[in-house]
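Participant: sequence and predicted model, in that order:
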Amino acid sequence: MSELKTIPKAVSSPSNFLDERLGAANFVKRNMRKVFPDHWSFLLGEIALYSFVILLLTGTFLTFWFKPSMAEVAYDGSYAPLKGVMMSQAYASSLELSFDVRGGLLVRQLHHWAALMFVAGMMVHALRVFFTGAYRKPRELNYLIGVLLLTLALLEGLTGYSLPDDLLSGAGLRITEGVLISLPLVGTYATFFLFGGEYPGGDVISRFYSLHILLIPGIILALVTVHLVLMWTQKHTQMAGKTQTNQNVVGAPFYPTFMAKAGAYFMFTFAVVAGLATFAQINPIWLFGPYTPADVSAGSQPDFYMGFLEGSLRIMVPWEINLFGTSHAGTLPLSVIIPALVPLGVVLTGLALYPFVERWVTGDNREHHIAERPRDNPHRTSIGVSAIAFYGVLWLFGANDEISANFHISLNVTTYAGRVLVFVAPALAYLITYRICLGLQRYDAGVLSHGVESGVIKRLPSGEFVEAHLPAADDIEAHVRGKEPVPMLAVAEPDSAGIPPKGMRGPLGRLRRRMSKAYGGEKIPLDEGKGDRTGDDRALIH
């Protein structure tokens, strides 16, 4: 009875109701009171989750009117400028949704903005997990599921973007066909299978439609479910603090606190998407016209998440390999294969492999439930910012024609600048980020050694003016002291015969040892600043 008194009636009543019918009281009580850490950064992933819910709801509405057919019809709808124009049923039904179905245009724009929020939310969530080391044991499997979800989200966006069959989406579809057909050996077969014959074929819209509304969403929904179940089972990571440890979780219960917060956050996310859909026009397909393979719209740009692939294609040098003279069968168009596969492969494969590479370098097999601050692992943070710079350069130069036209710069200059910056920018980002991380670590050491700035200026007997420092608050100090040195391999010395220990032999072992020494260890100890003005500050405080 004493235990029941501590459980709110709102939890115990439903638990008893279910227990009398399903025997699930203990399960409900235990999970309703599950504790979630209270930190704003943990809500970033929920943006993607709630956007996915909005996508499912709006997508269901759109399927009632959209016709995934490339059969040609003469347009006879409300939009006068296209009256009598021959177009596919897909494009005609998209126009009908926009002009003749009540609320259709709003739902179309809700769907499109939610798709952008979905991918953006996943990207920001992935960055939070990466920079805080939340992928470490025991969460590697859940992290890989997240990377797979991001990959599927990009494919889902590509298939959905092409469905209206307007001139802008057709340009993206043409690029997709060019990438597919450039693949060695399988390119022609893959292209004919996808398009149902010679480009543009007659089946690509219906096949993309099946992928977009059935196969990919089904896989995403299954993976999201597994992702949440694993997170629930393994417990959430939390920031370091006075009471937070690797053995507990400090925060608010799932019911009612977290449920109320999550409900409000869903409504806030929906309000933002609805506001964008109402006041910010996106993808006005009636202005682009129906797709014809002979035309392309000037200044066409894909959605932001595909911009980096567009940029890599634009700045790539025109390389190709001819294996059998001038025969087309032996031509490898590297100018298409490399930009289409390498940047995406580098980013996604790097994300997927990083937890295992880091564990191999550091030899760290411990469980981690405390999230690191990015500054406390400067090499990891620098690598992440380098990847962002790499992505950002490619994304920026996906609009090199717009940059040239609006800033009156030669298109060749922007192209050559992109080819240089794609290598220089990540290197500079790495060096600058690393120095910033070390500077922030020194600042933390200073806070612990002689307190925080008080804003009070004092004059010493010698005539020197200094600022008085106050001791850091307990929660700030505990947060800073949550820093742990980056683990390093415990390398044993060679034996009497000069033979290194097993695992450290050969070129690979020596490389691992050097990488571990450079990557791990304490860069700036927290007690480094001890003695710096401490006596003066104490005197000033008193």
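Facilitator: Everything's here; your move. If you're wondering where the values come from, they're calculated on a predicted model, not measured in any experiment.

Participant: backbone phi and psi for residue 238, please?
Facilitator: phi -140, psi 160 (degrees, to the nearest 10).

Participant: beta partners of the nearest residue to it once chain neighbours are set aside?
Facilitator: Nearest non-adjacent residue to residue 238, counting by C-beta to C-beta, 6 or more residues apart in numbering: residue 37, 3.9 Å away. Using the backbone N, CA and C atoms, a C-beta is placed for each residue, glycine as well. Under the criterion DSSP bridges, residue 37 forms beta bridges with residue 251.

Participant: what's residue 37 in contact with, if anything?
Facilitator: Residues near residue 37 by C-beta atoms under 8 Å, 6 or more residues apart in numbering: 236-239, 244, 249-251.

Participant: now a PyMOL select for only the buried ones of those residues.
Facilitator: Buried residues within those, by 16 or more other C-beta atoms under 10 Å, are selected in PyMOL with:
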select buried, resi 236+237+238+239+244+251
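
Participant: ok, the contacts of residue 37 vs residue 43, which is closest?
Facilitator: residue 236 (11.4 Å; C-beta to C-beta).

Participant: and that closest one, which of the three is it?
Facilitator: Three-state assignment for residue 236 (DSSP: H, G, I helix; E, B strand; the rest coil): coil.

Participant: wouldn't it be in contact with residue 36 here?
Facilitator: Yes - counting by C-beta atoms under 8 Å, residue 36 is a contact partner of residue 236 at 6.1 Å.

Participant: need the overlap of contacts for the two.
Facilitator: Shared contacts of residue 236 and residue 36, defined by C-beta under 8 Å, 6+ apart, comprise 42, 249, 251.

Participant: these into TSV, with extra columns for distance to residue 448?
Facilitator: Shown next, in TSV, are the shared contacts of residue 236 and residue 36 (distance: C-beta to C-beta, whole Å):
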residue	distance to residue 448
42	26
249	26
251	26
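
Participant: dump those to JSON lines, plus distance to residue 419 and pLDDT.
Facilitator: Formatted as JSON lines, these follow (distance: C-beta to C-beta, whole Å; pLDDT from 0 to 100):
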{"residue": "42", "distance to residue 419": "39", "pLDDT": "85"}
{"residue": "249", "distance to residue 419": "49", "pLDDT": "85"}
{"residue": "251", "distance to residue 419": "48", "pLDDT": "83"}
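
Participant: give me the mean pLDDT for stretch 316-323.
Facilitator: Averaging pLDDT along stretch 316-323 yields 85.

Participant: next, residue 138: phi, psi?
Facilitator: The phi/psi pair for residue 138 (degrees, to the nearest 10) is phi -100, psi 30.

Participant: show me what contacts it?
Facilitator: Per C-beta under 8 Å, 6+ apart, neighbours of residue 138: 234, 367.

Participant: in stretch 399-419, which residues are buried?
Facilitator: Result for stretch 399-419 [16+ other C-beta under 10 Å]: buried residues 399-401, 403-404, 414-415, 417-418.

Participant: all the helices of the stretch 51-200 of the chain, in order from the start?
Facilitator: Under the criterion DSSP state H, counting those that start in this stretch, the stretch 51-200 of the chain carries helices at the ranges 89-99, 104-131, 140-162, 167-182, 187-195.

Participant: show me which positions of the fourth one end up buried.
Facilitator: Translated: helix 167-182. Buried positions in helix 167-182, judged by neighbour count with 16+ other C-beta under 10 Å: 167-173, 175-182.

Participant: what does the first one give?
Facilitator: In terms of neighbour count (16+ other C-beta under 10 Å), helix 89-99 has its buried residues at 89-98.

Participant: what ranges does the stretch 251-400 of the chain have for its strands?
Facilitator: Applying DSSP state E, counting those that start in this stretch to the stretch 251-400 of the chain gives strands spanning 251-253, 321-322, 331-332, 370-371.

Participant: show me the contacts for residue 124.
Facilitator: Residue 124 sits in contact with 44, 47, where contact means C-beta under 8 Å, 6+ apart.

Participant: can we see that at 7 Å?
Facilitator: residue 44 (C-beta atoms under 7 Å, 6 or more residues apart in numbering).

Participant: from residue 117, how far out is it?
Facilitator: Using C-beta to C-beta, to the nearest Å, residue 124 is found at 10 Å from residue 117.

Participant: same deal with residue 262?
Facilitator: Residue 262 sits 16 Å away from residue 117, going by C-beta to C-beta.

Participant: more crowded one of the two?
Facilitator: The neighbour comparison of residue 262 against residue 117 (other C-beta atoms under 10 Å) goes to residue 117, with 21 against 16.

Participant: is it true that the more buried one touches residue 273?
Facilitator: Yes - counting by C-beta atoms under 7 Å, residue 117 touches residue 273, with 6.0 Å between them.

Participant: so which of the strands of the stretch 251-400 of the chain is the most packed in?
Facilitator: strand 370-371 (a mean of 21; mean count of other C-beta atoms under 10 Å).

Participant: brilliant, that's me finished.
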